[in-house]
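K.L.:
here is the input, now give the coordinates:
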Amino acid sequence: AEAIRLEGIDGVQVINVDVEGGWIGVNFALGDTPGPPTNGVVKDSTFTGNGFMGVFIANSTNATIKDNKINDNGAFGIYVGWYGGDVRNITVKGNEVSGSGTDGIVLNYGTSNNVVKENEVSSSGRYGISLRGGASYNLVKENEVSGSGTYDLHWDGTGTGNTWQGNEYGTSNLL
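P.N.:
Numbering: from 1, shown residues only. Down below sits the predicted model:
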């Protein structure tokens, strides 16, 4: 199911791995009961053809997802946030995300103080980059987003203090 599942580890490094065809490529996971976050780096890796998500950050207070290739995953390329998780101070930078069945990059469920910048997101089924579920005080900057099924840039109208700056895109609903 999950190629790499990490719970309650500080300073973890997932670097130069190739994951193909699982359910979730890498998961900074929330255990059965909320525990300490997993903090660290996912870098220079490839996540392709996973049934659900390429990279899933469900419980982390300091993580970097950088310079990865995340292609053709069933639902989501990079998903940040989950019910009951503590998710903040995440940097999503310089990734190539394409062919996600639903959304390319998502910040959801009250995530805060995250940065999504300098990513290339293309051909997502619904949204290229989406902030929803009360995601607040996030910076979405200098991304190139194209070819999404509904909107390249999406905000559901919940959450406050989000900044969208210098992105290149075709469609949006940033209100």
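K.L.:
starting at the chain centroid, how far to the helix or strand harbouring Val19?
P.N.:
In this structure, Val19 sits in strand 18-20 according to DSSP states H and E. In terms of CA atoms, centre = their mean, to the nearest Å, the centre of strand 18-20 is found 17 Å from the chain centre.
K.L.:
can you tell me what sits against that strand?
P.N.:
Ala3, Ile4, Gly25, Val26, Ser45, Thr46, Phe47, Thr48, Gly49, Asn50, Gly54 (CB atoms under 8 Å, 6 or more residues apart in numbering). C-beta coordinates here come from the backbone N, C-alpha and C atoms, glycine included.
K.L.:
what strand or helix carries the spatially most central residue of the chain?
P.N.:
Closest to where the C-alpha atoms of the chain average out (CA atoms, centre = their mean) is Ile78, at 2.9 Å. Taking DSSP H and E as the definition, Ile78 sits inside strand 76-80.
K.L.:
partners of the helix or strand just after that strand in the sheet?
P.N.:
Proceeding N to C from strand 76-80, the next assigned helix or strand is strand 90-93, under DSSP H and E. Note on strand 90-93: by DSSP bridges, its sheet partners are strand 63-66 (parallel), strand 115-117 (parallel).
K.L.:
partner strands of the helix or strand following the first one and their direction?
P.N.:
The one in question is strand 63-66. Proceeding N to C from strand 63-66, the next assigned helix or strand is strand 69-71, under DSSP H and E. Its sheet considered, strand 69-71 pairs with strand 46-48 (parallel), strand 96-98 (parallel) by DSSP bridges.
K.L.:
give me the distance from the last one to the chain's centre.
P.N.:
To tie it back to what came earlier, the one meant is strand 96-98. The answer for strand 96-98 is 11 Å, by CA atoms, centre = their mean.
K.L.:
and that strand, what's its mean pLDDT?
P.N.:
Averaging pLDDT along strand 96-98 yields 98.
K.L.:
check stretch 36-51 too.
P.N.:
97.
K.L.:
can you select the buried ones among the contacts of strand 18-20 for me in PyMOL?
P.N.:
Entered in PyMOL, the line below selects the buried ones among the contacts of strand 18-20, by 16 or more other CB atoms under 10 Å:
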select buried, resi 3+4+25+26+45+46+47+48+50+54
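K.L.:
pick the one among the contacts of strand 18-20 closest to Val106.
P.N.:
Proximity of those to Val106 (CB to CB) peaks at Gly54, which lies at 11.4 Å.
K.L.:
since that was my last question, I'll sign off now.
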